[in-house]
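Chemist: sequence unavailable; structure follows:
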């Protein structure tokens, strides 16, 4: 009898190659190995409906009193990833922002519309993903397919992991995962392009185009998803006809040193004044000159003003924020290459 360690699990991520809702596993050469510090299993709990209906005749449940089905379910997978692959980072970012295959500057604006590309059985969009969780027991390898990133937090902190970028969040699928897929041949997967950038590479950190000093930054893109309808896909009843993605929310926090350039942030919060936040390896507000790492939230509203007076490294202000945009105004722009 084998005993396994959690470190034996492997995770592979790729753009979902088959039609939306079709559970064909990607070829090995269409997958990237995702190097994680720890692996979470797929959360099956929202995909299972169990009804316990006691009936007369005895005082305990009969087996026939319990009804179990996966029809109409949904599934999630949580990840926490110290980024080391440009390709995986791009897959996560494009899925969260609903942007087709591009590796340059990615933006969302106030007029962002729901994609019409999620219909079951039709060609999957570039931002539909699949995840293979390879179990040491190959008969238990899981495949989450036709999935989208519904929450993505990108964070950097000078005091953690050398300031490197971390990506954490959740993937969602309304289609039933499969168990018992073939193991992935690691040697045949796509080589990853190294990505090791972070806060130390962000020479431009600006509030309203004024250079300031910061020790940490995080931004969360929330782009919710829900299944719609019931259809037969892959000869399985109760699969979704489509997805709907509702409100896009951009929130975050920046921790800045209190000095003569940043001290006057409190009145902006109290007055509800919008401020542009820029963090990157260059300071052009369009991001056109950024080489590897760039974030801009042009119309951020502060949602707090928390002063840390206890640090021996100087006084810092934590400024949580909410991204806003009207019409064609940019909500967020990101470049990570």
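Modeler: Nice, thanks for sending it over. None of the values given here were measured: they were computed from a predicted structure. Numbers count the residues shown, from 1 in each chain.

Chemist: now do the helix or strand hosting residue 130, average pLDDT.
Modeler: Following DSSP states H and E, one finds residue 130 within strand 129-134. The average pLDDT within strand 129-134 is 96.

Chemist: following the chain onward from that strand, which element is next?
Modeler: Counting by DSSP H and E, the next helix or strand C-terminal to strand 129-134 is strand 142-157.

Chemist: where in the chain is pLDDT low?
Modeler: Scanning the chain for pLDDT under 70 picks out 102, 116, 284-287, 311-312.

Chemist: tell me the residue furthest from the middle of it?
Modeler: Centroid-distance maximum for the chain: residue 57 at 50.6 Å, with Cα atoms, centre = their mean.

Chemist: helix, strand or coil for it?
Modeler: coil (DSSP: H, G, I helix; E, B strand; the rest coil).

Chemist: related to what we said a few turns ago, give me the contacts around the strand holding residue 130.
Modeler: 9-17, 25-26, 31, 39, 41-42, 77, 91, 95, 141-149, 171, 181, 183-184 (Cβ atoms under 8 Å, 6 or more residues apart in numbering). For the C-beta atoms, the positions are set from N, CA and C on the backbone; glycine is no exception.

Chemist: check which residues of that strand are buried.
Modeler: 129, 130, 131, 132, 133, 134 (16 or more other Cβ atoms under 10 Å).

Chemist: out of the contacts of strand 129-134, which sit inside strands?
Modeler: In this view, these that belong to strands under DSSP state E are 10-15, 77, 142-149, 171.

Chemist: tell me the two of those that are most distant?
Modeler: 10 and 148 (22.2 Å; Cβ to Cβ).

Chemist: next one: the most centrally placed residue in the chain from residue 266, what distance?
Modeler: The residue lying closest to the centre of the chain (Cα atoms, centre = their mean) is residue 152, at 2.9 Å. Here residue 152 is placed at a distance of 30 Å from residue 266 (Cβ to Cβ, to the nearest Å).

Chemist: likewise for residue 104?
Modeler: Computed as Cβ to Cβ, the residue 104 to residue 266 distance reads 37 Å.

Chemist: okay, these two: which has more neighbours?
Modeler: residue 266 (13 against 10; other Cβ atoms under 10 Å).

Chemist: ignoring the adjacent residues along the chain, who's closest to that one?
Modeler: Computed as Cβ to Cβ, 6 or more residues apart in numbering, the closest residue to residue 266 that is not its neighbour in sequence is residue 305, at 4.9 Å.

Chemist: and if you look at residue 267?
Modeler: residue 273 is the one closest to residue 267 (Cβ to Cβ, 6+ apart), at 7.7 Å.

Chemist: which PyMOL command selects the buried ones in the contacts of strand 129-134?
Modeler: A single PyMOL command selects the buried members of the contacts of strand 129-134 (16+ other Cβ under 10 Å):
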select buried, resi 9+10+11+12+13+14+15+16+17+25+26+31+39+42+77+91+95+141+142+143+144+145+146+147+148+149+171+181+184
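
Chemist: determine the set of other helices and strands touching the longest helix that the chain contains.
Modeler: Determined from DSSP state H, the single longest helix within the chain is helix 86-97. Identification of packing neighbours for helix 86-97 by 3 or more Cβ pairs under 8 Å, 6 or more residues apart in numbering; DSSP states H and E yields strand 10-15, strand 32-33, strand 106-109, strand 142-157, strand 166-173, strand 214-223, strand 330-336.

Chemist: dump the ones you listed to JSON lines, plus distance to residue 241.
Modeler: Output for these, formatted as JSON lines (distance: least, Cβ to Cβ, whole Å):
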{"stretch": "strand 10-15", "distance to residue 241": "22"}
{"stretch": "strand 32-33", "distance to residue 241": "30"}
{"stretch": "strand 106-109", "distance to residue 241": "26"}
{"stretch": "strand 142-157", "distance to residue 241": "12"}
{"stretch": "strand 166-173", "distance to residue 241": "14"}
{"stretch": "strand 214-223", "distance to residue 241": "20"}
{"stretch": "strand 330-336", "distance to residue 241": "29"}
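
Chemist: closest one to residue 323 among those strands?
Modeler: Of all these, strand 330-336 sits nearest to residue 323, with 5.2 Å by Cβ to Cβ.
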